[in-house]
Every structure is written in structure tokens, then in C-alpha cells.
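Student: Give me the fold of what follows.
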Amino acid sequence: MRVLIADKLLPTTAAALRAEGCTVTEDPSLTGDALVHALADGAQVLVVRSTKVPAAAFRNPQLGLIVRAGAGINTIDVEAANAAGVYVANCPGRNSLAVAELTIGLLIALDRRIPDAVADLRAGAWKKGEYSNASGLAGRTLGVLGAGGIGMAVAARARALGMRVLVWNRGEHRRADVEAAGHRFVADPLELAAQCDAVSLHLALSEETRGIAGRAFFTALRREALFINTSRAGLVDEAALRDAVTDRGVRAALDVFDGEPGGKEGTVASATLELPGVIATPHIGASTMQAQEAVADEVSRIVTAYVQSGKVPNVTNLAARSPASHALIVRHMNRVGVLSHVFSALKGAHINVLETKNIVFEGGAACIARIAIDSAPADDVLAALRDGNPDVIDLNLVSIGGTP
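Tutor: Residues are numbered from 1 along each chain as shown. Next comes the predicted model:
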């Protein structure tokens with residue numbers, strides 16, 4: 001298996017894959033057309049972290065799997081992957097604690113104004129009186145938007161600081177987990193904002209969540225509240241955030257923001273970062289050695305499973321519901337040509353096979369195949385399927401959705 005690693009990962013990843021017999025190429029400099037050209041050499045697996053994977057990458061017919069060494073897959077053209085039949089997998093939860101730790105660090109830094117105090121001291125200014133008036137966090141209320149692994153890890157650490165925690169999540173499927181952890185579930189983000197001294201965002205970016213922290217949100221948020229985003233820049237309307245900082249005394253800490261550079265080094269220009277009430281870090285939430293080691297292990301596990309079995313852990317782009325309307329359940333002898341007979345008859349009837357699973361019984365004499373199809377065969381086709389091969393023991397047609 002030929003594997004291309006197009007981002008800088010720990011060397012243990014490549015070493016583990018080479019130990020499995022993979023041919024591994026590492027080139028973290030690849031982007032854009034250079035990445036497409038490199039894939040054309042026949043890579044079967046692509047591993048990326050922050051590198052964007054454009055639609056042109058899928059011109060290589062040998063490419064079968066892309067692994068994102070992180071949680072999100074927003075840097076990958078998933079629609080193009082779907083059209084090409086390429087698996088897209090990720091490494092969810094492996095960097096949750098790293099992001100949660102940075103979030104809590106930013107929360108404390110905002111409350112105590114640590115960056116400003118350090119900057120003044122380095123400039124030779126002693127301002128003990130100014131920096132002695134922090135509110136403190138114990139007994140205050142933190143709102144967490146997003147009840148996934150990172151959000152819940154932040155909530156747990158905030159509780160350890162003595163904070164009261166309110167949680168909002170898209171849908172109520174996490175309500176029981178939130179309440180079991182001792183937090184209060186809130187059904188509306190504006191209701192949450194109105195009750196909070198601090199808010200932290202931990203949501204995936206989607207059409208539903210884009211701009212969720214907008215003008216209505218910041219209007220509802222308490223004056224002089226603390227606001228933290230270590231998730232996705234697109235969750236925040238930064239113009240509304242700047243107004244909240246300027247007009248309502250909100251203080252913000254951002255690990256992600258509009259216009260941040262894409263590489264490891266560069267320059268940055270941001271109207272938001274220029275405001276005195278805003279502190280920021282350069283998108284380092286997931287970047288601890290612990291997180292990198294966990295992600296490296298998970299990448300190795302995913303690729304190894306694909307190499308050994310063709311199965312992909314953590315695959316993200318399979319259909320949630322099969323488009324098949326019916327399934328043929330074929331019990332048959334374990335002999336050459338049985339399934340070929342079935343597929344040939346279905347082809348002749350212009351019926352498309354969508355999924356197939358064949359299970360062998362103990363002893364190896366007989367099997368049962370479940371064949372998902374897009375329409376129901378006519379009675380004469382079913383008769384031909386049953387009677388056209390002596391090794392077909394029995395056959396049943398079941399409706400599984402779609403057209404009855």
C-alpha cells in the first residue's frame with residue numbers, strides 16, 4: 001500500500017506504517033497543484049492535517065482513503081471524495097483534552113488579564129493596582145456551546161474551578177449526558193448567553209452553526225462577559241464581536257479568527273486582534289505533544305485496518321441511509337458461480353446492486369447473501385433466480401425502504 005503523508009506528523013506514524021509493509025512518502029510542503037501532482041504517482045492513501053485536499057486530488061483512481069489527522073474534515077472536498085468513492089476518515093476526540101486545557105488557560109488569562117500584565121512588566125511598567133481587580137471565576141457561570149468531547153471536557157474543568165456550567169447543544173440527544181455530569185442543559189443559545197459570565201464555543205462549523213455568535217448573541221450576553229472561541233472562526237460574526245468588545249465591555253480570547261494564516265509562520269492582520277479587549281493564540285488548541293502522539297496512533301490504526309481488512313475506522317462519508325429499496329436474501333451452497341448467476345440475472349433486469357454481504361456458515365458448505373438492490377425484481381426474474389442454478393437453496397425478497 002502506497003501512503004502519502006502531506007503534513008508534518010510525528011515520525012512514529014510513518015514508522016508504524018512501514019512496519020506494516022506500506023511504502024510511505026512524507027512531504028509536508030505539498031499543497032495545491034503540487035499535492036495533486038504527487039498523488040498522480042499512484043498514492044493509495046493520503047494523510048493530511050491542515051493541508052487542503054481539492055477536487056482535483058481525486059483524479060488519481062488509485063486513491064482510496066484520506067485520513068485527516070484531526071477531528072474536522074472541512075479542509076477536504078468531501079463531495080468530490082463521495083463522487084470518486086474515496087473513504088474520508090478522521091481522528092475524533094484525540095485532541096479534546098489539549099483544546100480543553102487551552103480553553104481553560106484562556107479563560108483564566110482573560111479574567112486575570114495575564115497577557116496585558118506580562119506585556120506591561122516587560123515594558124518596565126509596574127501596575128499592581130490595575131491588575132488586582134479581577135472578578136475571579138469561582139461561583140460564576142460558564143456557558144458551553146457544544147456538548148461533544150471538547151465541550152464536556154471544558155465543562156468538567158470549569159466545575160473544578162468552582163464554576164456553574166450551562167450547556168447548549170444542537171438537538172437534545174446529549175441532554176442526559178450533560179445533566180448526569182451535573183451541568184444544566186439550556187435549549188436556546190440566546191437564553192444561555194443571557195445567564196452567563198463567560199461563554200466558550202465548541203461546535204463543528206455547519207450551515208446551522210455558522211455565525212451562531214452574532215449580534216443577537218452578543219446583545220443577549222451579559223456586559224463585561226468573557227468570550228472564548230477555540231473551535232472554528234466561522235462560528236463568530238467578528239464585526240458583532242468587535243462591537244461587543246467596544247460597546248459592552250466584553251473581553252474575548254480567540255485561538256481561531258478571520259484571516260488567520262494557513263501555514264506554520266507568516267504575518268497576520270486582523271481588526272479584531274487590534275482591540276485592547278481581545279487576546280489570541282495562533283491556532284494551537286490541538287497542538288500539544290500528548291495530542292500529537294494520540295493522533296499519530298489513531299492515524300496508524302486507521303490505515304493499518306484499511307491495509308489488513310479493507311475496513312475503515314472513523315469513516316465519515318458513508319450514506320447515513322442506504323438508497324436501496326429491497327434486499328434479496330439468498331441462501332446458497334458455497335460453490336463457484338452462484339452469486340455470479342444472481343448478479344447476471346439482476347443485470348439482465350436492469351436492477352442495480354447497491355450493497356452485498358455474504359456470510360459463510362460453520363463448516364463452509366453453505367452461505368447466506370444479503371444483496372441490497374434499487375428496485376424489486378418481477379416474479380419471472382425471481383423465478384429465474386431460484387431455479388436457474390441448482391446451488392441456490394432458497395431466496396426471499398424483503399422491502400427495506402424507498403419504494404414499497
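Student: so what's Val3 scoring on pLDDT?
Tutor: On pLDDT, Val3 comes in at 97.
Student: Identify the residues contacting Gln62.
Tutor: For Gln62, the contact set (Cβ atoms under 8 Å, 6 or more residues apart in numbering) comprises Arg2, Gly42, Ala43, Gln44. In short, each C-beta sits where N, CA and C put it, glycine included.
Student: 6 Å instead?
Tutor: Residues in contact with Gln62 (Cβ atoms under 6 Å, 6 or more residues apart in numbering) are Gly42, Gln44.
Student: Look up how far Leu46 lies from it.
Tutor: Per Cβ to Cβ, to the nearest Å, Gln62 is found 11 Å from Leu46.
Student: What of Lys347?
Tutor: Distance from Lys347 to Leu46, by Cβ to Cβ: 33 Å.
Student: Show me where this protein dips below the pLDDT cut-off.
Tutor: For the chain, the stretches flagged by pLDDT under 70 are 263, 401-404.
Student: quick revisit: which of Lys347 and Leu46 has more neighbours?
Tutor: Ranked by neighbour count (other Cβ atoms under 10 Å), Lys347 and Leu46 place Leu46 first, with 28 against 11.
Student: State the three-state secondary structure for the more buried one.
Tutor: When classified by DSSP: H, G, I helix; E, B strand; the rest coil, Leu46 comes out as strand.
Student: Leu4 is in contact with that one, correct?
Tutor: Yes: between Leu46 and Leu4 there is a contact at 5.2 Å, judged by Cβ atoms under 6 Å.
Student: Distance check, His283 against Ile150.
Tutor: For His283 relative to Ile150 (Cβ to Cβ), the value is 15 Å.
Student: Who has more neighbours out of those two?
Tutor: Comparing His283 with Ile150 by other Cβ under 10 Å, the one with more neighbours is Ile150, at 28 against 17.
Student: need the contact list for the more buried one.
Tutor: Ile150 makes contact with Ser96, Val99, Ala100, His202, according to Cβ under 6 Å, 6+ apart.
Student: is it true that the third one lies in a helix?
Tutor: So the one you mean is Ala100. Yes: assessed with three-state DSSP, Ala100 lies in a helix.
Student: List the contacts of it.
Tutor: Counting by Cβ under 6 Å, 6+ apart, Ala100 touches Ile150, Ala153, Val154.
Student: Next, give phi and psi for Gly182.
Tutor: Gly182 adopts backbone torsions of phi 90, psi 10, taken as degrees, to the nearest 10.
Student: Run through the strands of the stretch 101-250 of the chain in chain order.
Tutor: Secondary structure of the stretch 101-250 of the chain (DSSP state E, counting those that start in this stretch): strands located at 141-145, 164-168, 184-185, 198-201, 226-229.
Student: where's Glu238 relative to Phe217, distance?
Tutor: Here the criterion is Cβ to Cβ. By it, Glu238 lies 12 Å from Phe217.
Student: Quickly list what Asp394 is bridged to.
Tutor: Beta bridges link Asp394 to Arg331, judged by DSSP bridges.
Student: Surely it and Arg331 touch.
Tutor: Yes: if you go by Cβ under 6 Å, Asp394 and Arg331 touch, sitting 4.5 Å apart.
Student: If you count surrounding residues, which of these two has more?
Tutor: Legend: neighbour count by other Cβ under 10 Å for Asp394 and Arg331, higher for Arg331 (14 against 10).
Student: returning to what we had before: any idea which of the contacts of Ile150 has the most stuff around it?
Tutor: Among the contacts of Ile150, the one with the most neighbours (other Cβ under 10 Å) is His202, at 28 neighbours.
Student: Show the backbone phi and psi for it.
Tutor: phi -150, psi 70.
Student: could the strands of the stretch 101-250 of the chain be laid out in a markdown table, adding distance to Thr288 and mean neighbour count?
Tutor: Conversion of those to a markdown table gives the following (distance: least, Cβ to Cβ, whole Å; neighbours: other Cβ atoms under 10 Å):
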| stretch | distance to Thr288 | mean neighbour count |
| --- | --- | --- |
| strand 141-145 | 21 | 26 |
| strand 164-168 | 23 | 22 |
| strand 184-185 | 30 | 16 |
| strand 198-201 | 18 | 26 |
| strand 226-229 | 18 | 27 |
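Student: how about those, which one is nearest Gly129?
Tutor: In terms of Cβ to Cβ, the element of the strands of the stretch 101-250 of the chain nearest to Gly129 is strand 226-229, at 21.5 Å.
Student: In terms of helices and strands, where is Val303?
Tutor: Assigning secondary structure by DSSP states H and E places Val303 in helix 289-309.
Student: Tell me the helices and strands packed up against that helix.
Tutor: In terms of contacts (3 or more Cβ pairs under 6 Å, 6 or more residues apart in numbering; DSSP states H and E), helix 289-309 is packed against helix 11-19, strand 65-68.
Student: go with 7 Å
Tutor: helix 11-19, strand 45-48, strand 65-68 (3 or more Cβ pairs under 7 Å, 6 or more residues apart in numbering; DSSP states H and E).
Student: Tell me which of those sits nearest to Thr267.
Tutor: strand 45-48 (24.1 Å).
Student: Can I get that closest one as PDB, trimmed to CA atoms?
Tutor: Once non-C-alpha atoms are left out, strand 45-48 reads as follows in PDB (Å, rounded to 0.1, in the frame of the first residue of the first chain):
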ATOM      1  CA  VAL A  45      -3.800   6.500   1.000                       C
ATOM      2  CA  LEU A  46      -3.400  10.300   1.700                       C
ATOM      3  CA  VAL A  47      -2.800  11.600   5.300                       C
ATOM      4  CA  VAL A  48      -3.300  15.300   5.900                       C
END
